[in-house]
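[1] need the 3D shape of this:
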Amino acid sequence: MYMLALLVSAQYIQAKFVVEHGSLKVTNPDDLKGNYDIALANFGVPMYGAELRGVFVYPQNYALACNSAMHPHGFPDGYRMDRVPGYSTIALIDRGECRFTEKVQNAELVGADAVLICDDKQEPLITMDASSDDETQGYVNNITIPAALVEHNLCQRFKAKLYSSITIVAVIDWSDALPHPDDRVEWEFWSDSNNGCGPKCDAITKFLGDFTDNAMSLEKKGYTKFTPHYLTYHCLNEYIGTRACQAQCISNGKYCATDPDDDIERGYEGKDVVLENLRQLCVFQEANKTGHPWLWWDYVSRFSTSCKMSATRFNKDCAEPIIAQIGLDLGAVQACMGNVDDAHPLLEAEKMAQVGSGERGDVTINPTIIINEKQYRGKMDQTSLLMALCAGFDISQEPEICVNPAVSERDCEVGKQGFLDCSSRASTDGRTTCQETFRGYECVCKPGASAYMDADGNEKCGDINLCLAMELKECTCDRCVCINQSPDPQCYEMPEGCKDNTCWKDHGVSACVDQIDSMKLAGLQGISPKTIRPYVCKCPEGYEGEDPTNHCENINECKFKCRGSDMKCEDTEGSFKCDCANGKYDAELDTCIEGPVSKDSGISAVAVTFIVLGVAVAFAIGGYALYTYRLRSYMDAEIRQIMSQYMPLDKEAGDDMAGGHMGMQMGGSMKTTFQAPMMRRTQQTTSIPQLYTQVKTQSTSSERTQWVIVLHREV
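    Predicted structure coming up:
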């Protein structure tokens, strides 16, 4: 066996490996406050673009978190790390005795949301990596939390506080881990075409297949600029001509790759990998020439699944038909590869690109992903990488794929940090709904509620009726119904309710009652008008009957009205007539109002003038009054309906809805916040009748459609 250690180029002796840092901000206690560097691990799931707030937990008796005969998973059965409601759990674990990945997975299994490994000696921060053996890769595949390394001396300070039972609150911040210079993310994927090296190669093959659709979509829409690269080495001069160089290199030792199975005497050799690397570089070059660089992804994903070393199909006979299938010029790709015995410009460029510049650092790990000139540290899977790419965009410039709920840290699951944080906000800003984002989570208003500014200028959530808060010019017809739904209210024009009805009718009178008012009220409550019957059968005023569908009978009002000695009653169809011997009849009081009747039938000039002016004014405001009458009735009903959510009110006529009763009793006290147009706000304690009267009388009808009313029960 020959290891590639013999094939390292002299130009890498002075190579620079860059440790990617995250930020640890301690907020409590006071004597630890400050920002500290931590080294991001090359496994796990860093929360790129987001931050995690939590409290430190140091499991002193199990601080190494290593598997043992007594504790097969690093901790006793049933052990759980302490959790503070509303905070994540950040576990401090000591370095030593077992793999980093083993420690992190064991800590995650007992409740850690993030793991900080305490270095066992004072030294510059290093990057924790994972080896390629089956057991380690098993840990890597199961870790779903972030991990980082902390300097030894800093960890000792943390432990001293925890030994004294002092709580440490900190924020791990990944928001600046990736730069975002413009509205396009540039990223590179460094690996090789080897698909026969075991678990690590299997993971790379799976990643290429899983991520192809996302990568092609981002590239086609111009959101990203992707460049594939291939790790390339050359044979040291003293080993040129050896069997090792001949098996693993082409071009007389200029370009080499590791032997897939570390056995140069059998199976595929390193030079087979180099040749396929070159072919894939030529595919990318030709795809760029066609203006479709994303075709590289199509080729590589097909090659990875169809041309496996395990099936002895890792060769040009399998590769070249795929090139033709994706629409590239096979002859151009073959010409690009050229004579492999000579120096090749594409492979020379790859060797030079491996040497880092600026903050990027040298590429020494297979695979390596670089995003906006920063090396990605984390799990190589579809969701984790997509989150990292999304974090490379500036806020508000992310493509639509980045706001997909699947691209999240699952912080909103029951018991997780987002769920606990948002659930605790009912008494503060009301943002009680947890919403997953690729930057972590966000607390937002619950469905049906919207943000508003309170009297102190603080933004809070409240139940806001969008139909009343917005002027919908297209929803002003007599039979238009606005449905209050977020984010945009909807408008429907409903047909005549009594056009085809089965109710009783006679003497030109019908028992059919059009339900358009109930439909409008339902719409204001976010209920579809289609759930309301278009009409109901109800005997009209002056009639009665148990079955208004078939029969309504005239009521003889003279049996219980207009019964005074100075009154004369005459029953009419659907009504009655009452004459008084002296004065005039007051129907509401059912009595005669006495008073002198003027016998002067003359009309003065002044009276004529007032009559003329009155008629003119009536015509001027008639249209406006007709318009506002119905608007006022709907607004009154809506106000009363909002109040009914807090305490019952007396039932008003016309409040029936689909057989239900929206009754309310005017009483009680509420703390109310009003937000009217032009951001006019008042806050006061008022009775329900006062509130009802204020909103009806203290604003114009056009303003009243925009009133936002938020009621707070005072305990």
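[2] correct me, but residue 432 touches residue 421?
    No. In this structure, residue 432 is not within contact of residue 421 by Cβ atoms under 8 Å, at 9.9 Å. Using the backbone N, CA and C atoms, a C-beta is placed for each residue, glycine as well.
[3] overlap of the contact sets of the two?
    Common neighbours of residue 432 and residue 421 (criterion: Cβ atoms under 8 Å, 6 or more residues apart in numbering): residue 443.
[4] just checking, residue 118 touches residue 91?
    No. Here residue 118 does not reach residue 91: they are 10.4 Å apart, not a contact under Cβ under 8 Å.
[5] neighbour count: those two, which is higher?
    Using other Cβ atoms under 10 Å, the more surrounded residue of residue 118 and residue 91 is residue 91, with 27 against 21.
[6] residue 142: neighbour count?
    Residue 142 sits with 12 neighbouring residues when counted by other Cβ under 10 Å.
[7] in space, what's closest to it - neighbours in sequence excluded?
    residue 105 (5.6 Å; Cβ to Cβ, 6 or more residues apart in numbering).
[8] again, but for residue 380
    Nearest to residue 380 is residue 207, by Cβ to Cβ, 6+ apart, at 5.2 Å.
[9] pLDDT weak spots in the stretch 501-650 of the chain?
    For the stretch 501-650 of the chain, the stretches flagged by pLDDT under 70 are 595-650.
[10] and the strands in it?
    Ranges of strands in the stretch 501-650 of the chain, per DSSP state E, counting those that start in this stretch, are 505-506, 509-510, 512-514, 535-537, 543-544, 553-554, 567-572, 575-580, 584-586, 591-593.
[11] got these as TSV, with mean neighbour count and distance to residue 69 columns?
    Shown next, in TSV, are the strands of the stretch 501-650 of the chain (neighbours: other Cβ atoms under 10 Å; distance: least, Cβ to Cβ, whole Å):
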stretch	mean neighbour count	distance to residue 69
strand 505-506	14	91
strand 509-510	17	89
strand 512-514	20	81
strand 535-537	21	78
strand 543-544	17	90
strand 553-554	16	94
strand 567-572	15	102
strand 575-580	16	98
strand 584-586	14	99
strand 591-593	15	101
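[12] adding distance to residue 191, write those strands out as TSV.
    What follows is the strands of the stretch 501-650 of the chain, written out as TSV (distance: least, Cβ to Cβ, whole Å):
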stretch	distance to residue 191
strand 505-506	83
strand 509-510	80
strand 512-514	71
strand 535-537	71
strand 543-544	86
strand 553-554	90
strand 567-572	96
strand 575-580	92
strand 584-586	95
strand 591-593	99
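[13] picking that back up, what's the neighbour count on the residue nearest to residue 380?
    22.
[14] do residue 292 as well
    Count around residue 292 with other Cβ under 10 Å applied: 17.
[15] distance check, it against residue 220.
    According to Cβ to Cβ, to the nearest Å, residue 292 and residue 220 sit 8 Å apart.
[16] touching, residue 544 and residue 555? I think so.
    Yes. If you go by Cβ under 8 Å, residue 544 and residue 555 touch, sitting 5.4 Å apart.
[17] report pLDDT for residue 247.
    pLDDT, residue 247: 92.
[18] my understanding was that it contacts residue 272; is that so?
    No. Taking Cβ under 8 Å as the definition, residue 247 is not a contact partner of residue 272, at 9.4 Å.
[19] of those two, which one has the most company?
    Between residue 247 and residue 272, counting by other Cβ under 10 Å, residue 272 is the more crowded of the two (22 against 18).
[20] what's residue 460 sitting at in phi/psi?
    Dihedral pair for residue 460: phi -140, psi 170, per degrees, to the nearest 10.
[21] tell me which of the strands of the stretch 501-650 of the chain lies nearest to residue 243.
    Proximity to residue 243 (Cβ to Cβ) singles out strand 535-537 among the strands of the stretch 501-650 of the chain, at 95.2 Å.
[22] that closest one: partners in the sheet, and parallel or antiparallel?
    Strand pairing for strand 535-537, determined by DSSP bridges: strand 512-514 (antiparallel).
[23] neighbouring contacts of the strand it pairs with?
    Contacts of strand 512-514 with the rest of the structure, by Cβ under 8 Å, 6+ apart, involve 496, 497, 498, 501, 503, 505, 534, 535, 536, 537, 538.
[24] cool, stretch 22-33 as well?
    Against stretch 22-33 from outside (Cβ under 8 Å, 6+ apart): 34-40, 46, 116, 148, 150, 157-158, 161, 166-174, 176-177.
[25] end to end, how far does that stretch reach?
    17 Å (Cα to Cα, to the nearest Å).
[26] try stretch 331-345
    18 Å.
[27] mean confidence for it?
    Across stretch 331-345, the average pLDDT comes to 92.
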